[in-house]
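*Asks:* After the sequence you'll find the predicted model.
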Amino acid sequence: MENKRESWGSKTGFILAAAGSAIGLGNIWKFPYIAGENGGASFIIVYLICIAVIGLPVLIAEILIGRTTQRDPVGAFRKLSNSKFWASVGGMGIVGGFLILSFYAVIAGWALGYIVEALKGSFFNFTEPTSSANYFNDLVGNIFWNLGYFILFMLITAVIVWAGIRKGIERGSKIMMPILFFLLIILMIRGLTLEGAENGMKFLWDPDWSKIGPQSVLIALGHAFFTLSLGMGAMLTYGSYMSKKTSVPNSALQIVFLDTLIALIAGIAIFTSVFAVGLDPAAGPGLIFHTLPSVFIKMPGGYIFSILFFVLLTIAALTSSISLLQVVVSYFVDERGWQRHRAVIVLALVISILGIPSALSFNVLADFKIFGLNFFAFVDFIASNILLPLGGLLISIFVAWVWGFDKALVNLREGAEKLFDNNPWVIKFWKIFLRFFAPVLIFLVLLHSIGILDKIINMFS
Ligand code: TRP
């Protein structure tokens, strides 16, 4: 006898939870800085194309596999294919969940710690432009600060997942997502009303095609995966708690829309502010932690806005981290028969231990290098640049050729009858994109990533 499996309480609950998974550090921390480094507007156009041509079709595929099988990633692939190989593709997703959460929670911990710094008004002690970078380096260089907030963040994540799909993840998303939208709109308005904001807008909307090369296309593609939580079964897992009455294509479209909207609004909020005070938009990964505090000092109401910003960042990270933990939990519950509460405690603990070397990569382990990367960067690279694209590639091949489009379409139609009858071309597009564009383009991203790895290895041999 199977135990009764959990499910979402409502369609809105599912959309908010899935959008919450998609919207995270990727949108607010990573997207603005990679757009900043790759020329702004022209990069954004390429990114939007990647989202539409690859992100959306793969997202539909993932949610559909989950909804059809009502299983964790391993069980889902096994059920549809009856093959060990494909079950192990699901297994790769579970491993991905462990790895991604272990380093994701480190940065999320910084965001949490920065709420406290903002409340203390620490940024207002900065006297020179370099102070905020030094301050940041001092904080992440401090083992207790770094590990402490990392563990605290993992604890909050575990508490929400512990409470379950409806009472934890769904309820949490229903509370946190509206707050997130609200805070971001306030920050965007603050940015837009600063003197000199138009320079930031120009940077965001005037394309500079000279900065776009093959490299930036690949970065855009890789990010499309990360930002939509694709390639490791997170959306598959969330889809597995979904009712067959909810339309998969419509839900996917709403998730993509919300995720893209939030990335763009975050871009506006951040670049209008950065340009208004004349700082460098291409500051890289430190953009949010080094550059923004110096922006807040100079902006009227900066004390309040700095607190709001880091609360926003923490909430965004939290609605994503719970989806990562849930993937791992669902596997141990569905496949290994663990009781959910036990799974949450044990797995959150394992991930916290796995994350320790990542948290220490900014202090005591700074000189410990694997292929020239510190532990944190190494795990990030393996997960985001190898596992996710590989997972996405295999998922599109699976639906297009192994499970088979005809079977997939019969399932996709459920809950989406109107769309199928009124706009059959949508379905045709999905087929073409999933069959050809997605695998070919993802394959290129993968080659590129492996190429980088190759270079790194060569450097050291
Ligand atoms: N999409 C999230 C972000 O943009 C991160 C994330 C959550 C994720 N779950 C994932 C990324 C699964 C890849 C796979 O921050």
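*Replies:* Looks like it came in fine.
*Asks:* Roughly how far does Ile45 sit from the ligand?
*Replies:* 20 Å (CB to the nearest ligand atom, to the nearest Å). Bear in mind the C-beta positions are built from the backbone N, C-alpha and C, glycine included.
*Asks:* I'd like to know how many residues surround Asn363.
*Replies:* Per other CB atoms under 10 Å, the neighbour tally for Asn363 reads 16.
*Asks:* doesn't Val140 make contact with it?
*Replies:* Yes. The criterion here is CB atoms under 8 Å, and Asn363 meets it with Val140 at 7.0 Å.
*Asks:* Let me know the secondary structure of the residue nearest to Phe124 when sequence neighbours are not counted.
*Replies:* For Phe124, ignoring the flanking residues on the chain, the nearest one in space by CB to CB, 6 or more residues apart in numbering is Ile297 at 5.9 Å. With DSSP: H, G, I helix; E, B strand; the rest coil as the basis, Ile297 sits in helix.
*Asks:* same deal with the one 3 residues further on?
*Replies:* For Pro300, the secondary structure call by three-state DSSP comes out as coil.
*Asks:* do Val256 as well
*Replies:* helix.
*Asks:* distance of it from Leu48?
*Replies:* 10 Å (CB to CB, to the nearest Å).
*Asks:* Find residues that contact each of these two.
*Replies:* Listed contacts common to Val256 and Leu48 are nil; contacts here mean CB atoms under 8 Å, 6 or more residues apart in numbering.
*Asks:* between these two, which one's more packed in?
*Replies:* Val256 (21 against 16).
*Asks:* Quick check: residues of the stretch 301-450 of the chain near the ligand?
*Replies:* Within the stretch 301-450 of the chain, the positions adjacent to the ligand are Ser320, Ser323, Leu324, Leu388 by CB under 6 Å from any ligand atom.
*Asks:* Tell me which stretches of this protein form strands.
*Replies:* Using DSSP state E, the strands of the chain run over 369-370, 373-374.
*Asks:* and among those, the most buried is which?
*Replies:* strand 373-374 (a mean of 18; mean count of other CB atoms under 10 Å).
*Asks:* May I have the predicted confidence score for Glu37?
*Replies:* Per-residue pLDDT puts Glu37 at 83.
*Asks:* Off-centre distance for the lowest-mean-pLDDT helix or strand in the chain?
*Replies:* Least confident helix or strand, the chain: helix 438-460 with a mean of 78, by mean pLDDT, DSSP states H and E. Distance, stretch centre to chain centre, for helix 438-460: 21 Å (CA atoms, centre = their mean, to the nearest Å).
*Asks:* Can I get it in PDB? Just the C-alpha atoms.
*Replies:* Extracted in PDB, the C-alpha atoms of helix 438-460 (Å, rounded to 0.1, in the frame of the first residue of the first chain):
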ATOM      1  CA  ALA A 438      16.900  22.800 -27.100                       C
ATOM      2  CA  PRO A 439      19.100  19.800 -27.400                       C
ATOM      3  CA  VAL A 440      21.500  21.400 -30.000                       C
ATOM      4  CA  LEU A 441      21.900  24.600 -28.100                       C
ATOM      5  CA  ILE A 442      22.200  23.000 -24.700                       C
ATOM      6  CA  PHE A 443      24.800  20.700 -26.200                       C
ATOM      7  CA  LEU A 444      26.800  23.800 -27.200                       C
ATOM      8  CA  VAL A 445      26.600  25.200 -23.700                       C
ATOM      9  CA  LEU A 446      27.900  21.900 -22.400                       C
ATOM     10  CA  LEU A 447      30.800  21.800 -24.800                       C
ATOM     11  CA  HIS A 448      31.700  25.300 -23.800                       C
ATOM     12  CA  SER A 449      31.600  24.400 -20.100                       C
ATOM     13  CA  ILE A 450      33.800  21.300 -20.700                       C
ATOM     14  CA  GLY A 451      36.100  23.500 -22.700                       C
ATOM     15  CA  ILE A 452      36.600  25.800 -19.700                       C
ATOM     16  CA  LEU A 453      37.300  22.800 -17.500                       C
ATOM     17  CA  ASP A 454      39.800  21.600 -20.100                       C
ATOM     18  CA  LYS A 455      41.600  25.000 -20.000                       C
ATOM     19  CA  ILE A 456      41.700  24.900 -16.300                       C
ATOM     20  CA  ILE A 457      43.100  21.400 -16.200                       C
ATOM     21  CA  ASN A 458      45.700  22.300 -18.900                       C
ATOM     22  CA  MET A 459      46.800  25.200 -16.900                       C
ATOM     23  CA  PHE A 460      47.800  22.900 -14.100                       C
END
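*Asks:* what's the burial count for Asn146?
*Replies:* 24.
*Asks:* Ok, Asp138 next?
*Replies:* Residues near Asp138, counting by other CB under 10 Å: 10.
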